[in-house]
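>>> Predicted coordinates and the sequence they were generated for:
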Amino acid sequence: MTGASTGASTGSRIRDVTGTVWAIIALPLIAILLAFGVGAVIILGSELLVGEPFDPLLPLTAYAALLQGAFGSFDAIVDTLVATSPLVFGGLAVAIAFKAGLFNIGAQGQFLMGALAAVAAGVAVSGQPPYIAIPIAVVAGVLGGAATGFLPGFLKAVSGAHEVVTTIMLNYIAISVLAALVSGPLKVPGSPSPVTYDVGNAGYPVVIGRDGHIGIFLAVIAVFVIRWLLYRTTLGFEIRTAGANPDAAAYAGMRPRRLIVLTMVLAGGLAGFAGVDVALGLTHQMTSSFGTTVGFDAIAVALLARSEPIGILPAALLFGAMRSGASLMQIKAGIPVELVDVIQATILLVLVATPVIRRVLHLRGTQNPLATSPTISRSYGSESVL
């Protein structure tokens, strides 16, 4: 009798664990599958439009090439990890803001200012030993991103200016500031196009393969540090409480205004770290037109991970793999790399349309990926800053 009850208890626990896992991953998994399905339809439709011989298996050929380009060799895996590391920092930057009920659209601008500050500092100390030059450049980059994050946080705290509006505007300001400085005081004299000097010894050392730099490991460490901050510290508890209910947080003696500013500074610093990762790990210099999609991809990464630090790793790896494998997909299947943008945008669209997806597919008990991001569905007028 005891054995039977023990077996039933074990089976019940397994069902509970399975149900919990399914509730967490169901909607993100459906979003990914639907996005690749949309990509397949676009591939087949484009065949008909351009008049090419119709190949119903072309989507499979394209996705196989995409997978091979991302994981088909040791160098491909390293390239994928290199593409993933800035997305981890960027995803954390957006996720920690979500936890506080803030929508950080400005990760792109914070990324650019972090990269610019890291390169400027790196050039200044390029002749110093790496153990001196690298920390100085990293700190400068993080501070550059944090300062850019401070501005919308401060404006929201003191005037109620919505962070979506201010961070979007700061993205454009960051682009202009970068172009002005690289074309002016940071430009290499006599260069045919605006470009800075190389960061020299401030560049990240390569530790894996041909370009696997230490930023890969720093990104993994950052995930566990942010998770510890959010779930094992008083500050993290206050951030999550203020994000869930700012009125309750204020009633409990917390200071939501201070938390808004502090959270945006942390978010900006993490986005700046993403810029450091690219500037010191890959480019080693800046051009006036420097820019990537990391800041905007980070939003989709954070949503796909449900704003959970541990979930950022697989979500960023998915996006990094698509970026890394897109070139081989274009070479082997003739599918433009822009298809990756379509797939990523579709993932984001499906996640935002989660309530509709749950109703259509009758997914009871699943967790909404936007549940930890109340700001997305909160109207501007209904917000209050205490």
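Cool, the structure landed.
>>> switch to C-alpha atoms for all contacts and neighbour counts from now on
Will do.
>>> What are the boundaries of the strands in this structure?
Under the criterion DSSP state E, strands of the chain are mapped to 206-208, 212-213.
>>> Between these, which one is closest to residue 181.
strand 212-213 (27.0 Å; C-alpha to C-alpha).
>>> which other helices and strands contact that closest one?
For strand 212-213, the contact count by 3 or more C-alpha pairs under 8 Å, 6 or more residues apart in numbering; DSSP states H and E identifies helix 74-99, strand 206-208 as packing neighbours.
>>> for residue 195, what are its contacts?
By C-alpha atoms under 8 Å, 6 or more residues apart in numbering, the contact list for residue 195 reads 182, 183, 186, 187, 188, 285, 286, 287, 288.
>>> ok so, going back, can the helices and strands packed on strand 212-213 go into JSON lines with extra columns for mean pLDDT, mean neighbour count and distance to residue 40?
Converted to JSON lines, the helices and strands packed on strand 212-213 look like this (pLDDT from 0 to 100; neighbours: other C-alpha atoms under 10 Å; distance: least, C-alpha to C-alpha, whole Å):
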{"stretch": "helix 74-99", "mean pLDDT": "96", "mean neighbour count": "28", "distance to residue 40": "22"}
{"stretch": "strand 206-208", "mean pLDDT": "94", "mean neighbour count": "13", "distance to residue 40": "34"}
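>>> Ok, which of the ones you listed comes nearest residue 168?
Closest among the helices and strands packed on strand 212-213, once you apply C-alpha to C-alpha, is helix 74-99, at 13.5 Å.
>>> residues touching the residue lying closest to residue 226 once chain neighbours are set aside, list them.
Excluding the flanking residues, the one nearest residue 226 by C-alpha to C-alpha, 6 or more residues apart in numbering is residue 309, at 6.7 Å. By C-alpha under 8 Å, 6+ apart, the contact list for residue 309 reads 92, 95, 223, 224, 226, 227.
>>> can you pull the pLDDT of the nearest residue to the third one once chain neighbours are set aside?
When the adjacent residues along the chain are set aside, residue 223 lies closest to residue 309, with 5.5 Å between them (C-alpha to C-alpha, 6+ apart). pLDDT, the model's per-residue confidence, is 94 for residue 309.
>>> Kindly provide the distance from residue 83 to residue 68.
As judged by C-alpha to C-alpha, to the nearest Å, residue 83 and residue 68 stand 15 Å apart.
>>> Would you check how far apart the residue nearest to residue 226 and residue 184 are?
Residue 309 sits 39 Å away from residue 184, going by C-alpha to C-alpha.
>>> Residue 156 too?
Per C-alpha to C-alpha, residue 156 is found 32 Å from residue 184.
>>> More neighbours: these two, which one.
For residue 156 versus residue 184, neighbours defined as other C-alpha atoms under 10 Å are more numerous around residue 156 (20 against 15).
>>> quick one, phi/psi of the residue nearest to the more buried one when sequence neighbours are not counted?
Nearest residue to residue 156, sequence neighbours excluded (C-alpha to C-alpha, 6+ apart): residue 162, at 5.9 Å. Recorded main-chain torsions at residue 162 are phi -70, psi 130, according to degrees, to the nearest 10.
>>> what's the neighbour count on residue 162?
Each residue near residue 162 was counted by other C-alpha under 10 Å, and the total is 18.
>>> before we move on, what about residue 59?
Considering only other C-alpha under 10 Å, residue 59 is surrounded by 20 other residues.
>>> Does it touch residue 40 like I think?
Yes: the pair residue 59 and residue 40 passes the contact test of C-alpha atoms under 8 Å, sitting 5.1 Å apart.
>>> So for the closest residue to residue 68 other than its chain neighbours, what's the pLDDT?
Closest residue in space to residue 68, ignoring its immediate chain neighbours: residue 325 at 6.9 Å, by C-alpha to C-alpha, 6+ apart. With respect to pLDDT, residue 325 has a value of 94.
>>> One more: residue 219?
97.
>>> Could you provide the strands of the chain in a markdown table, with additional columns for distance to residue 139?
Formatted as a markdown table, the strands of the chain follow (distance: least, C-alpha to C-alpha, whole Å):
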| stretch | distance to residue 139 |
| --- | --- |
| strand 206-208 | 20 |
| strand 212-213 | 17 |
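>>> what's near enough to touch residue 267?
By C-alpha under 8 Å, 6+ apart, the neighbours of residue 267 are 92, 93, 94, 96, 97, 104, 107, 146, 149.
>>> what about it, distance to residue 240?
Noted for residue 267: a distance of 14 Å to residue 240, by C-alpha to C-alpha.
>>> Next: residue 167.
According to C-alpha to C-alpha, residue 167 and residue 240 sit 21 Å apart.
>>> Among the contacts of residue 195, give me the pair with the biggest separation.
Using C-alpha to C-alpha, the contacts of residue 195 span at most 12.9 Å, a distance reached by 183 and 285.
>>> ok, back up a step: could you dump the contacts of residue 309 into JSON lines with distance to residue 134 added?
Shown next, in JSON lines, are the contacts of residue 309 (distance: C-alpha to C-alpha, whole Å):
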{"residue": "92", "distance to residue 134": "22"}
{"residue": "95", "distance to residue 134": "27"}
{"residue": "223", "distance to residue 134": "21"}
{"residue": "224", "distance to residue 134": "22"}
{"residue": "226", "distance to residue 134": "22"}
{"residue": "227", "distance to residue 134": "25"}
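>>> correct me, but residue 143 touches residue 270?
No: taking contacts as C-alpha under 8 Å, residue 143 lies outside contact range of residue 270: 9.6 Å.
>>> Settle it for me: which of these two has more neighbours?
Counted by other C-alpha under 10 Å, residue 143 and residue 270 do not tie: residue 270 has more neighbours, with 34 against 24.
>>> Report the contact partners of the more buried one.
By C-alpha under 8 Å, 6+ apart, the neighbours of residue 270 are 89, 90, 92, 93, 142, 145, 146.
>>> Next, find the distance separating the closest residue to residue 28 other than its chain neighbours from residue 107.
Once flanking residues are discounted, residue 28 sits nearest to residue 304: 5.8 Å by C-alpha to C-alpha, 6+ apart. Separation of residue 304 from residue 107 (C-alpha to C-alpha): 16 Å.
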